[in-house]
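1. Kindly generate the corresponding structure for this input.
(2 chains)
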Amino acid sequence: MRIVIAGGGQVGSSLARALAASHEVFVIDHDPEVADVFQAMDVEFLVGSGTSEEVLGRAGIAQCDFFVAATGLDEVNIVGCALASRLGRAETVCLVSRPEFLGAAGTGGRLGAFGISRVVWPEAQLAADIERIVTAPGAIDAEVFAGGIVRLLEYRLAAGSPLTATTLGGLRLPRGSLIVAVKRAGRIFVPRGSTRLQAADKVIVMGTPEAMHAVEALLNPGRAGSRLLVTIIGGGDVGFQLAQRLEQTPSIDLRVLERDADRGTMLAGRLSRTLVLNGDGTDLEFLESENVGRSDVLVSVIDNDERNLLASLLGRQLGVPKVITRVGRPANLRLFERVGIDVAISARGAAVASILHHITGGATSLLAIVEHGEARVFELVVSPSFEPRELKDMGAAEDAIVAAILRGNRAIVPRGDDRIEPGDRIVVFCTQDAADRVCTFFTGAAS
Amino acid sequence: MRYSLVVHVCGVLVRLFGGMFLAPLAVALYYREFEDAAGFAVAAIVTLVVGHLMRRAGGTSAEEAVERMRRVEGLAVVAAAWLLIAHLAAIPYAWIGVGPIDALFESMSGLTTTGATVFKDFSAFGRGIFFWRSMTQWLGGMGVIALFVAVLPRLAIGGRELFFAEAPGPSEDKVSPQIRRTAALLWRLYAGLTVLQVGALWLAGLSLFDAVCHAMTTLAAGGFSPHPQSIAGYQNPAVEWIIIVFMFLAGANFALQYRALSRRDWRMLVADEELRVYAGIVVAATLLLVLALGAAGGVVPTVRTALFQVLSILTTTGYASVDFQLWSEQAKMVLLVLMFIGGCAGSAGGGPKVVRHIVLARYTLQSLRRTLHPRAVLPVKLGGRVVPESILQVVVVFFLFYLLVFSLCAVIVVALGADIMTGVTATIASLGNIGPGFNEVGPMAHYGDLHPVSRVALILAMWIGRLEVLTVLVVLRPEVWRSGQWTAKGRSAAREAMAEAGDTPA
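-> The predicted structure is shown next:
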């Protein structure tokens, strides 16, 4: 497929990197300096504006299948998409950063009139991701798939966790849940019955919503039903979005720390239950005077990696049990988690995943990228030529596992004697390297 | 401030008010009360002449003058016109032999929709006079000046200043971007509701005359009744229920009612915070009152009586369906508290208004929270919107001045011989435009026995209260007068400047 990306920022470059191997990718940016990033990739870089007909023509917009507008300016993105859809037959994906372009339902609203097929709002997606993690007690990652019938939770095991008591085979996990992966010492693998979990392991559990409730109760006894104090540092787009979302949950008490007085006034005007504090989240004295250490969750979403890291580490020092930090530069993601931040998460990551999902759709769809790209969750339709067999006959792999079989509107978390039939929809968890192999195995085509 | 302009616009308004005497004149003639009719005719002529002379004295043609009205001039016009109109509206009372202070008291009490009376013996007055009493309340309820703004095309622009000076809620509440249309639509709603209530009361068994008089004073949240024992004199539960409903409407924001009615969107009413609090106060106060009264006379009659009295005091109407002077101190306390609350902003009710209490309560709470979190951003919100700091200050200042005027006036009334309960309730009943108080000024009593100076003080309190304190107090500032001048020098100076710039059309 031919794909044109306008805007060579972080979203543009991540997309180009992920798509370059199997597609013809053109990147348009008016800043020649960003070209360096793309030199190393197998893509065509054009200097110019995504709103210029001439530049779009050079990128072969007439034969293009997908046009992604990912510049930093909403209006430029909209005009670019409108032009692209007039000049060719491309499906257009438009990034926006302000809510007024979205309709009441949070979908594209009236942007369809501009020939925009899909609107992606990275800040809102990041806010939604953080919300899921905040509201899952103890978890450091949380995802929901297949319209809510499959959930994923990731935990870091503490010393004395009930999961470390014996080998996996001997643990009685709630029915309908499955430990799909363990990350230990930087390596991610699918555990077997003989694996014994240890403190400081990260475990990824998937299952039906009911089973996952039981898992939450097992791993966090006594937390259910009590009030949660959440402190958000940084009242920018993400902080505001997140606060709006979290206000919907009555058992959460919210505080937002915002450095800019005018922005703080705006936030206090628009939010109803949130206490907006005017101060710098990296000022230790201020954090202490407001008793930030008493928070159950600290979310740092300043638009600056260094200050985010500082604020998060201060929060950790003050004793906040769960710290979630926004990361701008993808290279910082792992580093942040290494120095003690529970969850490092990037707006671009969420947007890139959803755009990739949109572009690579079809029989295989990418549901989530977990552990910063080290593992993926796919939803697949098993190919008609697949020879039906029981799971236990497929052999245990170290790098992939069938997490759920979707039949009708319920999910079955399979055991060894469940059969995979042609035409089944299945949810598969696998490592990054195994992704192509797994997709080929079930569908007969690469992802 | 340009005195000439103020005098001129006052003259325009006063002259128009002269026409209002035609209605009671017709009623008096219909009932063959010729002496009263002569009074109304004299009042009409005096008013027309005074208005015309003032209009002439002011000089400038209205179109030129009014469009350049400044805020302080608007306030001055409204304050002065109200005082002047009250004097002119007193002429019919004075004509039939009521003393000058009493005539002015009755007239001011009518126009400000207070409903306090100095008439001792109701049988001494004709129907024309009772009609005029009720009609002054009806005109004052929605606002005389709002009515004139609605009908006078020439006030189209300056009318804005006049409209908001007369009904200064904490925020501007319009139903149309055009002020003249806003005034006209609100008056139409007000008149429509009045007609509806006349019909309802007539069907419930009142005579047409009584129905008209009561409808006019209910919708205005006024409280004058042609019956010496007020509503208690009819002993008619249906009438009480009808008045309960219309009192509730009179105490609610008319602009809100208009919007809900014109868009057929009743959720708007439920969503309005002031209306919700207003309704909550009515329910809570009624429950308290039922508890204080005890249900000896049956539950339904007690609830009806309690609800009637609560609405009568809260909306500042001032009717009585029983003599609540005879109630226990506990029950009277509930009513006394309600006297300090008042109706909704943009209603016919007086008092400090529910919305100001909401804003003040939230402001206080936020100030308390600020001591816990010194760096917190704590805006005061109303209906999900932030109330600007400037309005918060005005609300606080309003309460301070309200209390100041209240204390001063109460001190005067008590110093001149009234007991404390009488002094306090007479003052708040006048300042809040309620009407009856307790003891000497109870619902079945009258203000006629108070010291004449007290009565004058209460007349001023009614005036200040109706124009919501600040309108009057601003105009009383000396610098307003020091900067005053008779003719519009500013205008000619501007014209000269334009001439210098070569802008003048030859």
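2. distance between the helix or strand harbouring residue B:371 and the chain's centre?
-> Secondary structure assigned from DSSP states H and E places residue B:371 in helix B:354-372. Relative to its chain's centre, helix B:354-372 lies at 27 Å (Cα atoms, centre = their mean, to the nearest Å).
3. What helices and strands are in contact with it?
-> helix B:273-293, strand B:381-382, helix B:389-415 (3 or more Cβ pairs under 8 Å, 6 or more residues apart in numbering or on different chains; DSSP states H and E). Where C-beta positions appear, they are placed from N, C-alpha and C, glycine not excepted.
4. Find the closest residue to chain A in the stretch 401-506 of chain B.
-> Of all residues in the stretch 401-506 of chain B, residue B:470 sits closest to chain A, at 26.1 Å by Cβ to the nearest Cβ.
5. Next up, the contacts around the closest residue to that residue other than its chain neighbours.
-> Excluding its sequence neighbours, the residue lying closest to residue B:470 (Cβ to Cβ, 6 or more residues apart in numbering or on different chains) is residue B:398, at 6.2 Å. Neighbouring residues of residue B:398 by Cβ atoms under 8 Å, 6 or more residues apart in numbering or on different chains: B:352, B:356, B:468, B:469, B:470.
6. let's see it at 7 Å
-> Residues near residue B:398 by Cβ atoms under 7 Å, 6 or more residues apart in numbering or on different chains: B:356, B:469, B:470.
7. ok, now how distant is the last one from residue B:400?
-> Think residue B:470. 11 Å (Cβ to Cβ, to the nearest Å).
8. Can you classify residue A:354 by secondary structure?
-> helix (DSSP: H, G, I helix; E, B strand; the rest coil).
9. Can you report how many residues neighbour it?
-> Per other Cβ atoms under 10 Å in any protein chain shown, the neighbour tally for residue A:354 reads 18.
10. cool, and residue A:387?
-> 8.
11. Check residue A:52 too.
-> Residue A:52, neighbours per other Cβ under 10 Å, totals 16.
12. Give me the contact list for stretch B:283-290.
-> B:302, B:303, B:306, B:307, B:309, B:310, B:314, B:331, B:334, B:338.
13. Could you pull up the contacting residues of the residue nearest to residue A:24 when sequence neighbours are not counted?
-> What sits nearest to residue A:24 in space, not counting adjacent residues and going by Cβ to Cβ, 6+ apart, is residue A:2, at 4.6 Å. By Cβ under 7 Å, 6+ apart, the contact set of residue A:2 is A:24, A:60, A:63, A:64, A:65.
14. Quick check: beta-bridge partners of residue B:485?
-> Residues in a beta bridge with residue B:485, per DSSP bridges, are residue B:2.
15. for residue A:420, that is, sorry about that
-> With DSSP bridges as the rule, residue A:420 is bridged to residue A:389.
16. quick one: contacts for it?
-> A:382, A:388, A:389, A:391, A:402, A:405, A:426.
17. right, and the second one touches residue A:424 too?
-> No - at 9.0 Å, residue A:388 and residue A:424 do not qualify as touching, with contact defined as Cβ atoms under 7 Å.
18. More neighbours: residue B:470 and residue B:400, which one.
-> residue B:470 (17 against 11).
19. Tell me, what's the model's pLDDT at the more buried one?
-> As predicted, residue B:470 sits at a pLDDT of 83.
20. follow-up on the earlier one: would CSV of the contacts of residue B:398 with distance to residue B:218 be doable?
-> Formatted as CSV, the contacts of residue B:398 follow (distance: Cβ to Cβ, whole Å):
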residue, distance to residue B:218
B:356, 24
B:469, 25
B:470, 28
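21. nearest to residue B:32, of those residues?
-> Distance to residue B:32 across the contacts of residue B:398 (Cβ to Cβ) is lowest for residue B:469, with 43.9 Å.
22. For residue B:356, see how far away the closest one is.
-> From residue B:469 to residue B:356 the distance is 11 Å (Cβ to Cβ).
23. Which one of the contacts of stretch B:283-290 sits in the busiest neighbourhood?
-> Most surrounded of the contacts of stretch B:283-290: other Cβ under 10 Å gives residue B:314, at 29 neighbours.
24. contacting residues around that residue?
-> Taking Cβ under 7 Å, 6+ apart as the test, what residue B:314 contacts is B:251, B:281, B:282, B:285, B:338, B:341, B:343.
25. redo that, cut-off 8 Å
-> B:251, B:278, B:281, B:282, B:285, B:338, B:341, B:342, B:343, B:349.
26. coming back round to it: quick one: which of residue A:388 and residue A:424 has more around it?
-> residue A:424 (19 against 11).
27. tell me which element the residue sitting nearest the centre point of chain A is part of?
-> Taking Cα atoms, centre = their mean, the centroid of chain A lies closest to residue A:350, which sits 4.0 Å from it. Secondary structure assignment for residue A:350, by DSSP H and E: helix A:347-359.
28. From the chain's centroid, how far away is that helix?
-> For helix A:347-359, the distance to the chain centre is 8 Å (Cα atoms, centre = their mean).
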